[in-house]
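Enquirer: Output the structure for:
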Amino acid sequence: MSSTNKMSNYRWVICSMLFLATTINYMDRQVLSLTWADFIKPEFQWNDDDYGTITAFFSIFYAFISLFAGKFIDWMGTKKGYIWAILVWSIGACLHAACGWIAIHAEGVGSKEEFMLIDKAAQISLWGLTLSVWLFIACRMILAIGESGNFPAAIKVTAEFFPKKDRALATSIFNSGASIGALVAPLTIPQLAKLWGWEMSFIIIGALGFVWAGLWLFLYNKPTECQYVSKEELAYINSDNDSTEKPQSNYTASAPQFTIIDCFCYRQTWAFIVGKLLTDGVWWFFLFWAPAYFKELDCPVTTFKGQMLIFVLYLIVTIASIFGGYLPKYFVEKKGMEPYAGRMRAMLMFAFLPIFAMFAQPLAGYSVWYPCIIIGLAGAGHQAWSANLYSTIGDMFPKRAIATITGIGTMFGGLCSFAINMGSGLLFTHAEELGSDFTFFGVEGKPAGYMIIFCYCAVAYLLAWFIMKTLVPKYKPIE
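Expert: Here you go, the predicted structure:
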């Protein structure tokens, strides 16, 4: 530990590393959504149902692995556990590039051009899916194994390096990496795909994770073991330790561990589960389907306008969501509220932002910029909500259980994502086939399908907040 008498701020260096990891995490997720419609779909003759199936399998596998990823991080520790997580997902990201080569050679042809001439019906294999779909599902599963460790590790590191009053701010900063990743992705990934092919876009973005792992190996240590953390900073980090939790220096060694079954015995766990189950799919729907939605509005990501739409959408998300970390801090420091009460009040305010999503489709007929701005505001509401939702774990549970609880909640969030992505693919394909015979709130055809999903996005957060408040009406830490 540093011997200086001055207050160090190394916790913010660690927070910046969490931000970079989350940025890479979301860029790796975005490569497929930004390349499938314009580059991969023509090559493999996919439809919305195929794409929805791939994203849904990613979500369900992510959900399943998340149940154990948190426990793995608690067992392995944040240093080694985080490195393992990002190495696995980076390998999975790069492997996507081989899917085309394998599919082409499996069909016994020598080029993409010959492969594209093969009727899709002739490519159907197991369960009505083509080989190319199954190959992408396999790669998404590997990606999901690694990415499921990101948030349990990041939330645990935040609890290690920040007192409770600062955790929502730190979480909102690193969680904004999701928005930054989605912001940078449309400006880079389509260009990489146009220059060198969609395969290279997966390889280049996937390789960033290996660079991060090398930096983490040298920069991270627990606060009590880190030479860059002064005594003053360590005292600040531990300033809200109470009788419910042992000091950081020895709690992992001597305290009894929470099993996964133990965690399900608490209302606090179920409150977090509800917050993730009802809302995570909303964010993943925006992430996976926004490029395809704008293409339906004649603005594909291969055009400058299409790229600007995605960029502006996530710019709104990034700027507005950072405020999500400041608001509960204001309630705690200026209004004298305890952290959980301040966090829940802030979450209620953020829950109203997604309501505007139900107006995205009706206003799209006037200008494509209206749904861009509305989805951006809804996404900002989600990210602000998410940062505070994650911080409720640190409010209620001791540090030794944080990654496990995060993994459990992430699993249920993945189930929501599975349902909304699988459902969206089936719904959009069905609505497109029926055309004007499929209506919802005066909207016809495929746009009516989007209208249905947007309406769910609008009400999900308020419903989740009221259930959470019913389960845990006031601050009650686990002892």
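Enquirer: right, and residue 401 touches residue 263 too?
Expert: Yes. If you go by CB atoms under 8 Å, residue 401 and residue 263 touch, sitting 6.7 Å apart. Quick note: C-beta positions are derived from backbone N, CA and C, even for glycine.
Enquirer: So for these two, which sits in the more crowded spot?
Expert: residue 401 (26 against 23; other CB atoms under 10 Å).
Enquirer: tell me the mean pLDDT over the strand or helix carrying residue 113?
Expert: Residue 113 belongs to helix 112-116 when assigned by DSSP states H and E. In this model, helix 112-116 carries a mean pLDDT of 74.
Enquirer: With just CA atoms, put that helix into CSV.
Expert: What follows is helix 112-116, C-alpha atoms only, in CSV (Å, rounded to 0.1, in the frame of the first residue of the first chain):
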residue,chain,number,x,y,z
LYS,A,112,-19.4,-17.3,-51.2
GLU,A,113,-21.0,-16.7,-54.6
GLU,A,114,-21.6,-20.5,-55.2
PHE,A,115,-22.9,-20.8,-51.6
MET,A,116,-25.4,-18.0,-52.1
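Enquirer: what distance separates that helix from the centre of its chain?
Expert: Taking the mean of its C-alpha atoms, helix 112-116 sits 35 Å from the chain's own mean (CA atoms, centre = their mean, to the nearest Å).
Enquirer: tell me the contacts of the spatially closest residue to residue 468 that is not a sequence neighbour?
Expert: Excluding its sequence neighbours, the residue lying closest to residue 468 (CB to CB, 6 or more residues apart in numbering) is residue 271, at 4.4 Å. Neighbouring residues of residue 271 by CB atoms under 8 Å, 6 or more residues apart in numbering: 392, 467-468, 471-472.
Enquirer: mind listing the helices for the stretch 201-350 of the chain?
Expert: For the stretch 201-350 of the chain, the helices defined by DSSP state H, counting those that start in this stretch occupy 231-237, 251-254, 260-263, 267-277, 280-296, 304-333, 339-351.
Enquirer: how about low-confidence regions in the stretch 1-150 of the chain?
Expert: Low-confidence segments of the stretch 1-150 of the chain (pLDDT under 70): 1-5, 117, 119-128.
Enquirer: Of all the helices of the stretch 201-350 of the chain, which one is nearest residue 70?
Expert: helix 260-263 (8.6 Å; CB to CB).
Enquirer: Can you point out the buried residues in that closest one?
Expert: The neighbour-count check on helix 260-263 (16 or more other CB atoms under 10 Å) flags residue 263 as buried.
Enquirer: do stretch 327-345 as well
Expert: 327-329, 331-332, 337, 339-344.
Enquirer: how about the residue nearest to residue 142 when sequence neighbours are not counted, what does it touch?
Expert: Excluding the flanking residues, the one nearest residue 142 by CB to CB, 6+ apart is residue 92, at 3.2 Å. By CB under 8 Å, 6+ apart, the residues touching residue 92 are 139-146, 206.
Enquirer: Just the ones of those residues in helices?
Expert: 139-146, 206 (DSSP state H).
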